[in-house]
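1. Sequence first, then the predicted structure, then my questions.
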Amino acid sequence: MKQRKKIAVIGSINMDLTARTERLPAGGETVPATELLYAPGGKGANQAVAAARLGGDVTMFGCVGEDAFAEKLVENLRQNGVDTTHIRSVPGVSSGIAMITVAEASGENSIVVVPGANRFVTPAYVDDLQDAILQADILLLQNEIPPETVAAVMDLGHRAGKTVLYNPAPAAEMPEGIMEKIQEKIHYLTPNEHEAALLFPHIPALPSLLELYGGKLIVTLGEQGAMAWDSDRGKLLHIPARPAHVVDTTGAGDTFNGAFAYALAEGYAFADALRFANIAAGLSTERPGAQGGMPTKNEVLAAMHAV
């Protein structure tokens with residue numbers, strides 16, 4: 001029996017405060033909300049839950065604060081099958097907070113993030129826990145922890161021969177030299193179209209960019225699906241999105257990344273892993289909340305067979 005590969009997610013853990021409105025407010029405008037919801041989130045925690053809910057062997061590395069949200073955030077991860085052994089509680093600070101507005105008419109969202117304890121996911125934290133991190137086969141990263149920590153994990157994973165998957169979201173200014181490090185030390189880079197434009201401002205056409213980076217670069221395109229270069233076949237891959245009745249797009253990108261990591265851990269071929277992740281992301285938009293809509297493996301497989 002093939003041994004299942006392990007996934008380590010090094011990233012943010014937040015509480016999402018979601019206000020549902022008829023539409024997103026314009027600058028300087030006030031709009032009424034129909035309700036306010038509290039739900040565990042954070043890009044790191046979201047991606048960990050997405051992979052674990054599919055059946056992945058997932059360990060979360062991150063920090064929470066010393067507040068009323070901390071215990072709920074850690075317990076939520078446990079209930080979703082994520083190993084929380086190495087999550088640290090930081091005294092005297094709040095847990096991370098994301099303030100989200102969701103437009104009910106379109107399903108679009110806007111998000112403001114307060115880092116809180118996520119600022120304490122430092123290179124020193126990674127150094128302290130490197131033996132535990134390196135028990136995993138796949139290291140999954142995002143941008144809601146300090147950039148120097150992201151770089152440290154890339155270095156650690158590269159030295160140890162691990163598969164490093166970096167989701168450069170939310171879009172952020174990259175430290176000098178980080179793109180060279182990315183090219184050398186990660187296996188997969190998964191921006192959306194907006195993030196790709198910021199990372200690669202001098203490449204005019206997306207197909208040219210994808211071919212240049214081979215199968216290392218995957219660009220998600222929302223309702224247009226995802227694109228990547230299939231190095232084995234020497235051609236562009238465009239994985240179309242599954243038709244969905246969109247309720248809430250919050251967490252769709254996180255679902256894609258968690259599902260892609262899971263598919264890699266299960267040994268899926270590159271194109272099949274992309275298709276699996278794309279369908280999981282589409283399913284996640286049909287229910288409210290970042291983690292609330294994340295599907296199970298059976299739901300994804302049923303949707304794949306129905307297409």
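-> The structure has been received and is ready for your questions.
2. Just the buried residues of stretch 66-82, please?
-> Across stretch 66-82, burial judged by 16 or more other Cβ atoms under 10 Å covers 67, 69-70, 73-74, 76-77, 80-82. The way it works is simple: take the backbone N, C-alpha and C, and place the C-beta from them, glycine included.
3. List the contacts of that stretch.
-> Residues outside stretch 66-82 that contact it (Cβ atoms under 8 Å, 6 or more residues apart in numbering) are 9, 13-15, 40, 42, 45, 48-49, 52-53, 58-60, 64, 84, 87, 89-95, 97, 117, 291.
4. now do stretch 222-233
-> By Cβ under 8 Å, 6+ apart, stretch 222-233 touches 192-193, 206-207, 210-211, 213-215, 217-221, 235-241, 249, 252, 256, 270-271, 274, 277-278.
5. Can I get it as PDB, trimmed to CA atoms?
-> Taking Å, rounded to 0.1, in the frame of the first residue of the first chain, the C-alpha atoms of stretch 222-233 are listed here in PDB:
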ATOM      1  CA  GLY A 222     -11.700  32.700 -11.300                       C
ATOM      2  CA  GLU A 223     -14.700  31.800 -13.400                       C
ATOM      3  CA  GLN A 224     -12.300  31.200 -16.400                       C
ATOM      4  CA  GLY A 225     -10.600  28.300 -14.600                       C
ATOM      5  CA  ALA A 226      -6.900  27.900 -14.400                       C
ATOM      6  CA  MET A 227      -3.900  27.900 -16.800                       C
ATOM      7  CA  ALA A 228      -0.500  26.300 -16.700                       C
ATOM      8  CA  TRP A 229       2.200  24.900 -19.000                       C
ATOM      9  CA  ASP A 230       2.300  21.100 -19.400                       C
ATOM     10  CA  SER A 231       6.000  20.500 -19.600                       C
ATOM     11  CA  ASP A 232       5.500  16.700 -20.300                       C
ATOM     12  CA  ARG A 233       3.300  17.400 -23.400                       C
END
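6. could you give me the average pLDDT of that stretch?
-> Taken as a whole, stretch 222-233 carries a mean pLDDT of 88.
7. That stretch: which residues count as buried?
-> Using 16+ other Cβ under 10 Å as the test for burial, stretch 222-233 gives 222, 225-230.
8. same check, this time on stretch 271-285
-> Result for stretch 271-285 [16+ other Cβ under 10 Å]: buried residues 273-285.
9. can you give me the offset of it from its chain's centre?
-> With Cα atoms, centre = their mean, to the nearest Å as the basis, stretch 271-285 stands 13 Å off its chain's centre.
10. What is the most widely separated pair among the buried residues of stretch 66-82?
-> Asp67 and Gly81 (24.6 Å; Cβ to Cβ).
11. after the helix or strand harbouring Met227, next one along is what?
-> Using DSSP states H and E, Met227 sits within strand 226-230. Sequence-wise, the next helix or strand downstream of strand 226-230 (DSSP H and E) is strand 235-239.
12. who does that following strand touch, helix- and strand-wise?
-> Judged by 3 or more Cβ pairs under 8 Å, 6 or more residues apart in numbering; DSSP states H and E, strand 235-239 is in contact with helix 206-213, strand 226-230, helix 270-284.
13. Just the C-alphas of that strand, formatted as PDB.
-> Only the C-alpha atoms of strand 235-239 are listed here, as PDB (Å, rounded to 0.1, in the frame of the first residue of the first chain):
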ATOM      1  CA  LYS A 235       1.600  22.600 -24.500                       C
ATOM      2  CA  LEU A 236      -0.600  25.100 -22.700                       C
ATOM      3  CA  LEU A 237      -3.200  23.700 -20.300                       C
ATOM      4  CA  HIS A 238      -6.400  25.600 -19.800                       C
ATOM      5  CA  ILE A 239      -8.600  23.900 -17.200                       C
END
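14. Just checking: what are the partner strands of that strand?
-> strand 226-230 (antiparallel) (DSSP bridges).
15. Tell me how far the strand it pairs with lies from the chain's centre.
-> Mean-position distance between strand 226-230 and its chain equals 18 Å (Cα atoms, centre = their mean).
16. tilt between that strand and helix 206-213?
-> Orientation of strand 226-230 against helix 206-213 (axes from the mean of the first three to the mean of the last three Cα atoms, to 10 degrees) gives an angle of 40 degrees.
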